[in-house]
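>>> sequence below, structure please.
(4 chains)
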Protein chains: 2
Amino acid sequence: MKTPGKPPRAGAKAAARGPLSPERIEAAALELIEEHGLETFSTRRLGERLGCEAMSIYHHFPSKAHLLNALLDRVIALQPRPAKDMDPVERIRALGYCYRQIGLDHPKLFQYVALHRMNTRTALAFLNEAVEAFGNLGLDAETTARLFRAYSYYVTGATLDETSGYAKGPSATDPVPDAEVARDFPFVAAVGPYFKPEHFERTFAAGLDIFIDAIRRAVRKPGRKTAGGR
Amino acid sequence: MKTPGKPPRAGAKAAARGPLSPERIEAAALELIEEHGLETFSTRRLGERLGCEAMSIYHHFPSKAHLLNALLDRVIALQPRPAKDMDPVERIRALGYCYRQIGLDHPKLFQYVALHRMNTRTALAFLNEAVEAFGNLGLDAETTARLFRAYSYYVTGATLDETSGYAKGPSATDPVPDAEVARDFPFVAAVGPYFKPEHFERTFAAGLDIFIDAIRRAVRKPGRKTAGGR
DNA sequence: ATGGTAACCTTACGGCGTAAGATTGCAAGC
DNA sequence: GCTTGCAATCTTACGCCGTAAGGTTACCAT
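Okay, here's the model as predicted:
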């Protein structure tokens, strides 16, 4: 039995701010990451934000990697999913938007989300739901797998680019000035305007449509039509 | 005028190994990254490999970021390109394989390649060539831009996953055992076999086919058919 | 011989993740 | 009420990291 309103246990600063908890630490970490980026995120800075020493965090998370993993789980778990009884094809489309939304809501964290193996229970549950939607198309396992995989590649690539790609601030050490781009790389210059954030939404939708169309065709004539080889 | 066979200029160790050069440093850096990964790559380790002090590298590259940028340029520049006079659609397919090959040849470096803005001259030249191939389809600028962009999303996402995704060693801190996956995530388990490296090639090809088909359709009836949407 | 300079090395600083261990303050047993 | 145990927290320290600052070496043209 626990008494409900517990005071802090130890430490000078601890008294002034209430006890730490995985919940509080995760929330602060997410804030910090979205404010200043993944690269500058450190346990020391997180401690500063929380009003505790860096090492106090290690009582609640055995390592920084475990904390980041918990953040991954959290953003996946909190993302609302499309209803399971939707039209299977439209559900697939909705799941694409759903995954992308994770990136839009947490752009700085998304690199971590996209690049790490989804093998926590929470992540697997999401993955399972997505594969289920493809499974409901009634295609053979191989076609199902290839369609799902290719679709995931697209959605992940798109969201990665939207959150940290070409349109974001300069990452090259000495960028090429626009005038030179216009002169020496005319094809890039011609499509450049469509690479800006205003166009993300429509470009994403256009790519999704390509997959959705392909999926509809595969469903209409099952066989080795769309996926499979050669 | 320079005498042809120059001895090293300074330093005790320098005498034993010949002079440093951007070329040698880049080659050693690529080796080191592919051997031990991007995360553990440091200027100190690179110095060790080269037989010099870490700071000597800074004579040839103003920062670690500049060095990594040079590596990006190098792997892009060295990648052979498909002939410019190919059938435009097949050239687009070949360019997809071409970009993917950069990842297959340098899997550890590829995260850096994929996630950094392509705004060096070398990278822009590659980008320009790719956009040119789409431009040769004869579609309007908007459709060209959207098709190119979506195609790039797919190729990048696929290559990222092949080089550092699900199939690679466990990244989660405490992975879910296979038996539990089979029990609790049956849809994932069902397609799991197709996620293994043996299937990368065919899955990549299947996804490319979806885009190539969409591109052919867009070329046959120009208008707002495939892209644009909504 | 002499001065300039490119190439290289040494030292040092502040920041990182985290191992090891000290400290604090509540809860339970006597 | 005192002691003991223990979870939560803090302190210190270690070996990494990128790199700023400045010193040293060995060649070159003069």
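
>>> the residue nearest to A:Pro22 when sequence neighbours are not counted: how many residues sit nearby?
Ranked by C-beta to C-beta, 6 or more residues apart in numbering or on different chains and with sequence neighbours excluded, the top spatial neighbour of A:Pro22 is A:His60, at 5.0 Å. Just so you know, the C-beta spots here come from the backbone N, C-alpha and C atoms, and that holds for glycine as well. A:His60: 16 surrounding residues under other C-beta atoms under 10 Å in any protein chain shown.

>>> could you look up the next helix or strand downstream of the least confident helix or strand in chain A by mean pLDDT?
Scoring the helices and strands of chain A by mean pLDDT, DSSP states H and E places helix A:12-17 at the bottom, with a mean of 68. Tracing the chain past helix A:12-17, the next element assigned as helix or strand by DSSP states H and E is helix A:22-36.

>>> with just CA atoms, put the longest helix belonging to chain A into CSV.
Taking DSSP state H as the criterion, chain A has its longest helix at helix A:141-164. Provided in CSV are the C-alpha atoms of helix A:141-164 (Å, rounded to 0.1, in the frame of the first residue of the first chain):
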residue,chain,number,x,y,z
ALA,A,141,2.1,-13.8,-48.8
GLU,A,142,4.9,-12.8,-51.2
THR,A,143,3.0,-10.1,-53.0
THR,A,144,1.7,-8.9,-49.6
ALA,A,145,5.2,-8.6,-48.3
ARG,A,146,6.6,-6.9,-51.3
LEU,A,147,3.8,-4.4,-51.5
PHE,A,148,4.0,-3.6,-47.8
ARG,A,149,7.7,-3.2,-47.9
ALA,A,150,7.8,-1.0,-51.0
TYR,A,151,5.0,1.1,-49.5
SER,A,152,6.9,1.5,-46.3
TYR,A,153,10.0,2.5,-48.1
TYR,A,154,8.1,5.3,-49.8
VAL,A,155,6.4,6.6,-46.7
THR,A,156,9.6,6.5,-44.7
GLY,A,157,11.7,8.1,-47.4
ALA,A,158,9.1,10.8,-47.9
THR,A,159,8.7,11.6,-44.2
LEU,A,160,12.4,11.6,-43.6
ASP,A,161,12.9,14.1,-46.4
GLU,A,162,10.0,16.3,-45.2
THR,A,163,11.4,16.4,-41.7
SER,A,164,15.2,16.6,-42.4
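
>>> elements contacting that helix?
Applying 3 or more C-beta pairs under 8 Å, 6 or more residues apart in numbering or on different chains; DSSP states H and E, we find helix A:141-164 packed against helix A:88-105, helix A:107-115, helix A:121-135, helix A:200-220, helix B:107-115, helix B:141-164, helix B:186-191, helix B:200-220.

>>> a markdown table for these, including distance to DNA strand D and mean neighbour count?
Shown next, in a markdown table, are those (distance: least, C-beta to the nearest atom of the strand, whole Å; neighbours: other C-beta atoms under 10 Å in any protein chain shown):
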| stretch | distance to DNA strand D | mean neighbour count |
| --- | --- | --- |
| helix A:88-105 | 27 | 19 |
| helix A:107-115 | 18 | 21 |
| helix A:121-135 | 22 | 20 |
| helix A:200-220 | 31 | 20 |
| helix B:107-115 | 13 | 20 |
| helix B:141-164 | 19 | 24 |
| helix B:186-191 | 34 | 18 |
| helix B:200-220 | 31 | 19 |
